[in-house]
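Asks: Show me the folded form of this:
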Amino acid sequence: MASVHLAGIRKTFGSSVALESLDLEIASGEMVCLLGPSGCGKTTALRILAGFERPDAGRVVVEGTDITELPPQKRGFGMVFQDYSLFPNLTARDNVEFGLSIRKVDKAKRAASVDRLMEITRLTEHAAKYPHQMSGGQKQRVALARALATEPRVLLLDEPLSALDAKVRESLRVEIRRIQQETGVTTLFVTHDQHEAMAVADRVGVMEEGRLVQIDPPQVIYSRPATPFVAQFVGTVNTLAAQRDPSTGAWSVLGAPAEVVGMGQVDPAGASSVVVRPEQLQLTGGHGSPGTITSVSFLGAITRVGIQVEGAEVVADLMAGSVGTVAVGDRVTVAVRTDAGPVVAATR
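Replies: The predicted structure is shown next:
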């Protein structure tokens, strides 16, 4: 497998800047997800790594070798697109075998490799099916197996689950992660779906307007966002006023003590507001701020409660069995959970 470095990449399309000084390193065998809204530059970054686009500035380096000028077919990469791109006249097995046939790999070796990939991707019983006979999830697994068949140095996944329904996406993202770990292939996964990125990646890179604003393991991205944009884009947040006692340095949020940490390089001492995840809030009969319930939504394991408090609308995610009977219009007391860990400063 191979390490990857996109070094100082800049790319414009006319007057529009798609990427500005992108610097991204992917370790050998690592899966990195680029996450962000449409137009943030994540797909452009993947296409530059694949060789489909040339950067205006910067270098593409794989295993220490500059491949910026190398055409796509000579990079030794595998790619999976969101629309599958299978050959309709070939069976699942023949689609997987296609790249090996083109390379004139020995027949016995070819068969052994395809057998292994069909097993890894759990396609053995579908080997004789044509694309029109397969479900979307099965077709995407065929596309993945085909991309892996040639033992690529790097695997590129361009929003591969976006065309699938929610249930299939959820199961297939688990399969993709399992397969990536089993094969050990260095992988760049591009998606706008935060749940996909958080579920499968070793590290998640969040992009905003052509810039990589944070890259960290999923847990860090969620609990210690580097910017307000990252906090808002990854998960749901409440933005609440925070008060600091100048003599003791102690913080309070919603009228109760709270631990406050900095956002990225922001010094929490200068904060005037914090971002609080819904699961960090609780309804309590003790310290806190009074509020009025505005909505109650049962979501299975949790109940999401909307509350008007301190002039703002907040949401709290409560374990369904712990909520009791609450209804719109009820008066409640809201506080940050004492066991919720720190909340994150949002402004200076």
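
Asks: Show me where this structure dips below the pLDDT cut-off.
Replies: 264-271, 323, 347-348 (pLDDT under 70).

Asks: Find the residue at the geometric middle of it.
Replies: Ala197 (1.9 Å; C-alpha atoms, centre = their mean).

Asks: For it, give me phi and psi.
Replies: With angles defined as degrees, to the nearest 10, Ala197 sits at phi -60, psi -50.

Asks: try Gln280
Replies: Dihedral angles (degrees, to the nearest 10) for Gln280: phi -90, psi 0.

Asks: Ala50 touches Pro72, doesn't it?
Replies: Yes: applying C-beta atoms under 8 Å, one finds Ala50 in contact with Pro72, separated by 5.7 Å. Glycine gets a C-beta too; all of them are placed from N, C-alpha and C.

Asks: still on that earlier bit, for the residue nearest to the centre of the chain, give me its contacts.
Replies: 33, 35, 189, 191, 204, 218 (C-beta atoms under 8 Å, 6 or more residues apart in numbering).

Asks: I'd guessed the last one sits against His195; true?
Replies: No: in this structure Pro218 lies outside contact range of His195 using C-beta under 8 Å: 10.4 Å.

Asks: neighbour-wise, which of the two wins?
Replies: Pro218 (19 against 14; other C-beta atoms under 10 Å).

Asks: thinking again about what came up before, between Ala50 and Pro72, which one's more packed in?
Replies: When Ala50 and Pro72 are compared for neighbours, Ala50 comes out ahead with 18 against 13, by other C-beta under 10 Å.

Asks: separation between that one and Arg75?
Replies: 7 Å (C-beta to C-beta, to the nearest Å).

Asks: So what are the structural domains in the protein, by residue number?
Replies: 4-228, 236-345 (automatic domain parsing).

Asks: and those domains, which is most packed in?
Replies: Most buried of the domains of the chain by mean neighbour count (mean count of other C-beta atoms under 10 Å) is domain 4-228; its value is a mean of 18.

Asks: Next, the distance between the ends of that one.
Replies: 29 Å (C-alpha to C-alpha, to the nearest Å).

Asks: go on, stretch 73-92?
Replies: 23 Å.

Asks: quick one: that stretch to chain centroid distance?
Replies: Chain-centre distance of stretch 73-92: 23 Å, with C-alpha atoms, centre = their mean, to the nearest Å.
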